[in-house]
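Asks: Structure, please.
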Amino acid sequence: MAKYIKGENSVEKRIIGGKTMKRVAERLLVLNVLVIILSALMGCQGMFGPTEPSKKIMLFNGKDFTGWKLFIPDKEIDVNKIWSVRNGVVRCEGKPNGYMRTKAEYKNYKLHLEWRWAGEPANSGVLLHSSGQDKVWPRCIECQLKAGRAGDFVLINGTGVTVDGRDRQDVNKQFVGVAKKQQSSEKPPGQWNSYDIYCDQDVIRCYVNGVLQNVGTNATDTSGWICLQSEGGPIEFRNIYIEPLD
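Replies: Take a look at the predicted model:
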């Protein structure tokens, strides 16, 4: 029951009673629940920043492009004619230039994917830590997929890494290529290849079919979208996922 006291000039002043206190407590409880939910969303879904995986996350579900955005600069072109899914495999026709990218941003992960050339070997790439406006090409650090060059880095729109003690950043160039360490470890056209890319803070390591082909340190960009390029010719992808670093 609410209580009352008389103050100066006989003006009655209400003191918060039991029912009012109960309402305040209920509102505080609801607020706390909302904070917990938002915190979980921030950690698990990356709604308010890049997601750092705590478990394996299948980026491609094998059925459709849920979780991905398909981008071609020309809005008159039907993106569904460039990308399709069949039997658990993504097929990209390779023309015109563009990319499929994750809608969420990620950081500190191991990325695994498999690719093969569906026809004559051509060009493609894995764009890491992509950011900014959707365009050809966004700011990113590319792990090359061009036939015979898988394992190269391509620094796009001012990004940078240090390789073998040399800072390769050049903000005056749109593209800076950094050659892979060893001879090509790619398989013949038509066979499936694997890419395992470790993004650990500002360090990027990429393995092509189990062979360490490049290591970059002091990366200028450490989080963002993951993109797969349409560039050159038909290519297929499958088994795309990220997981926590070892």
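
Asks: low-scoring stretches of this structure, by residue?
Replies: 1-25, 28, 30-47 (pLDDT under 70).

Asks: Mind splitting it into its structural domains?
Replies: 3-45, 57-243 (automatic domain parsing).

Asks: can you give me the helices in the chain?
Replies: Here the chain has its helices, by DSSP state H, at 18-45.

Asks: quick one: V85 and G165, what's the gap?
Replies: V85 sits 43 Å away from G165, going by Cβ to Cβ, to the nearest Å. No exception for glycine: its C-beta is placed from N, CA and C like everyone else's.

Asks: what's the closest of the domains of the chain to T51?
Replies: Between T51 and these, the shortest separation by Cβ to Cβ is 5.3 Å, and it involves domain 57-243.

Asks: that older thread, looking at V85 and G165, which one has more neighbours?
Replies: V85 (16 against 6; other Cβ atoms under 10 Å).

Asks: which ones are touching that one?
Replies: Residues counted as contacts of V85 (Cβ atoms under 8 Å, 6 or more residues apart in numbering) are G62, K63, D64, F65, R91.

Asks: Tell me the one among those residues nearest to G98.
Replies: G98 has its nearest neighbour among the contacts of V85 in F65, at 13.2 Å by Cβ to Cβ.

Asks: Wait, E93 touches D78, no?
Replies: No - applying Cβ atoms under 8 Å, one finds E93 not in contact with D78, separated by 11.4 Å.

Asks: which of those two has more neighbours?
Replies: Comparing E93 with D78 by neighbour count (other Cβ under 10 Å), the higher total belongs to E93, at 15 against 9.

Asks: Let me see the contact set for the closest residue in space to the more buried one that isn't next to it in sequence.
Replies: In space, and not counting its chain neighbours, E93 is closest to I82: 5.2 Å by Cβ to Cβ, 6 or more residues apart in numbering. Residues counted as contacts of I82 (Cβ under 8 Å, 6+ apart) are L70, I72, C92, E93, K95, P96, G98, S230.

Asks: let's see it at 7 Å
Replies: I82 is in contact with I72, C92, E93, G98, S230, counting by Cβ atoms under 7 Å, 6 or more residues apart in numbering.

Asks: Equivalent analysis for P244, please.
Replies: Counting by Cβ under 7 Å, 6+ apart, P244 touches P53, S54, K55.

Asks: For the second one, which non-adjacent residue is spatially closest?
Replies: To tie it back to what came earlier, the one meant is S54. Using Cβ to Cβ, 6+ apart, the closest residue to S54 is P244 (6.2 Å).

Asks: For that neighbour, grab phi and psi.
Replies: Main-chain dihedrals, P244, degrees, to the nearest 10: phi -60, psi 150.
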